[in-house]
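Participant: Take a look and give me a structure for this.
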Amino acid sequence: MPDPTASQAPLNLGRNIQALREARGHTQQQIARIAGVPRATWANLESGQANPTLAVLIRVAQALQVRLEELIEPPRRWGRLYPAASLPNRTRGSVTVRKLLPESIPGLEIERMELPARSSMAGVPHTAGTREYLTCERGQIELSTGGASFTLGPGDVVVFRGDQRHGYRNLGTATAVAYSVIAFAPVAAG
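Facilitator: Reported below is the predicted structural model:
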């Protein structure tokens, strides 16, 4: 019995090549020249009817600056909606912290913090070498870290070591909103 994924591979290849070329703003003629293949070959690849050699696929992948596997895997969906209620959140005291990335990205975490008036929250020190970026969206937030204190207004950003004790405090009489980006230090192998 034939493998259905094998019969789908040429169509996946065609769709992926076309989408990648268009995302880079190239015509078939331009990208074919970059790849060093005839334009007719490129058009045949995008049609989903081609049976290219490995050498041609390598040239195409290099021209599009992607891994070879990305050319033949099933095309990615254009997007996926994650309703706010589907994103994980937690409450620390009166502060609500919601994750903004529905999928895990190694070494990166992005969270939205909502601090009611005059509330505060202690941050959790992370592994050595971790950096944090705090952006205030609304209100006025004070960040205390490493013996220093920073007052942020809307649009302000502070970068600090996330591997030390730190805390957040809403200085205002209305709810404040901030975004925290945590870039974890790579874990040493061994």
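Participant: can you list the domains in this structure?
Facilitator: Per the record, the chain has its domains at 4-72, 84-183, by automatic domain parsing.
Participant: now those domains in a markdown table, with mean pLDDT?
Facilitator: Listed next are these as a markdown table, based on pLDDT from 0 to 100:
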| stretch | mean pLDDT |
| --- | --- |
| domain 4-72 | 89 |
| domain 84-183 | 94 |
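Participant: Turn these into CSV, columns for mean neighbour count.
Facilitator: To be clear about C-beta, it is placed using only N, CA and C from the backbone, and glycine gets the same treatment. Below are those laid out as CSV (neighbours: other Cβ atoms under 10 Å):
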stretch, mean neighbour count
domain 4-72, 16
domain 84-183, 16
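Participant: could you pull out the helices for this structure?
Facilitator: Secondary structure of the chain (DSSP state H): helices at 4-23, 28-35, 39-47, 54-64, 68-72.
Participant: Now those in CSV, please, with extra columns for distance to A128.
Facilitator: Formatted as CSV, the helices of the chain follow (distance: least, Cβ to Cβ, whole Å):
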stretch, distance to A128
helix 4-23, 38
helix 28-35, 43
helix 39-47, 48
helix 54-64, 38
helix 68-72, 34
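Participant: how about those helices, which one is nearest S149?
Facilitator: helix 4-23 (44.4 Å; Cβ to Cβ).
Participant: For the closest one, name the packing helices and strands.
Facilitator: Helix 4-23 sits against helix 39-47, helix 54-64, helix 68-72, with contacts defined as 3 or more Cβ pairs under 8 Å, 6 or more residues apart in numbering; DSSP states H and E.
Participant: Looking at those, which is nearest to L87?
Facilitator: That would be helix 68-72 among the helices and strands packed on helix 4-23, by Cβ to Cβ, at 27.3 Å.
Participant: Nice, that's everything, thank you.
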